[in-house]
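A.B. asks: Sequence first, then the predicted structure, then my questions.
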Amino acid sequence: MTVTAFDTLKTAKTLTKAGFTKKQADAQVEVLIEMTNELATKKDIEDLKLATKKDIEDLKLATKKDIEDLKLATEKDLELLGHSLTNSLTIRISGIAAIVIGIVKYLPV
């Protein structure tokens with residue numbers, strides 16, 4: 001955060017004129033210095049806003065890439081599954097055909 005400057009001597013004099021002792025005025029000025037050092041300036045907020053927008057845009061791009069990668073991987077998996085199913089069905093159909101041929105041989109003509 002940015003340090004916010006203010007006239008500490010003027011503030012202490014104003015407090016003294018209002019009835020504060022010098023010790024009280026000095027203590028109040030110290031508290032004000034600490035408090036203002038923790039405040040965000042408009043620039044701090046704008047910088048954070050811009051950084052957040054950039055982070056969101058980066059996340060959007062990364063998410064799009066992740067989705068595309070997942071889509072490609074899923075398509076590949078489905079293609080492999082299709083080949084596996086085709087091979088499995090081919091083996092089963094061949095087995096059934098062999099059984100049918102075997103049965104037909106023993107049927108009376």
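C.D. replies: Okay, I see it.
A.B. asks: what helix or strand does the residue sitting nearest the centre point of the chain sit in?
C.D. replies: Residue closest to the mean C-alpha point of the chain, counted by CA atoms, centre = their mean, is Leu59 at 5.6 Å. Remark: Leu59 resides in helix 42-106, with elements defined by DSSP states H and E.
A.B. asks: for the record, mean pLDDT for that helix?
C.D. replies: Averaging pLDDT along helix 42-106 gives 95.
A.B. asks: Can you name every helix or strand that that helix contacts?
C.D. replies: Here helix 42-106 touches no other helix or strand, going by 3 or more CB pairs under 8 Å, 6 or more residues apart in numbering; DSSP states H and E. Backbone N, C-alpha and C define where each C-beta goes, glycine included.
A.B. asks: how deep is Leu32 tucked in, by neighbour count?
C.D. replies: Neighbours of Leu32 under the rule other CB atoms under 10 Å: 16.
A.B. asks: That one and Ala12 touch, don't they?
C.D. replies: No: using CB atoms under 8 Å, Leu32 is not in contact with Ala12, being 9.9 Å away.
A.B. asks: how much space is there between Val100 and Lys43?
C.D. replies: According to CB to CB, to the nearest Å, Val100 and Lys43 sit 84 Å apart.
A.B. asks: cool, and Ser84?
C.D. replies: From Ser84 to Lys43 the distance is 61 Å (CB to CB).
A.B. asks: Endpoints of stretch 5-22, how far apart?
C.D. replies: Chord length of stretch 5-22, first to last residue, is 21 Å (CA to CA, to the nearest Å).
A.B. asks: Please compute how far that stretch lies from its chain's middle.
C.D. replies: When distances are taken as CA atoms, centre = their mean, to the nearest Å, stretch 5-22 is centred 48 Å away from the chain's centroid.
A.B. asks: How about stretch 76-85?
C.D. replies: That offset, for stretch 76-85, works out to 32 Å (CA atoms, centre = their mean).
A.B. asks: Next, the buried residues of that stretch.
C.D. replies: For stretch 76-85, a neighbour-count test (16 or more other CB atoms under 10 Å) marks nothing as buried.
A.B. asks: Buried residues, stretch 41-49. List them.
C.D. replies: Those would be none for stretch 41-49, no buried residues there (16+ other CB under 10 Å).
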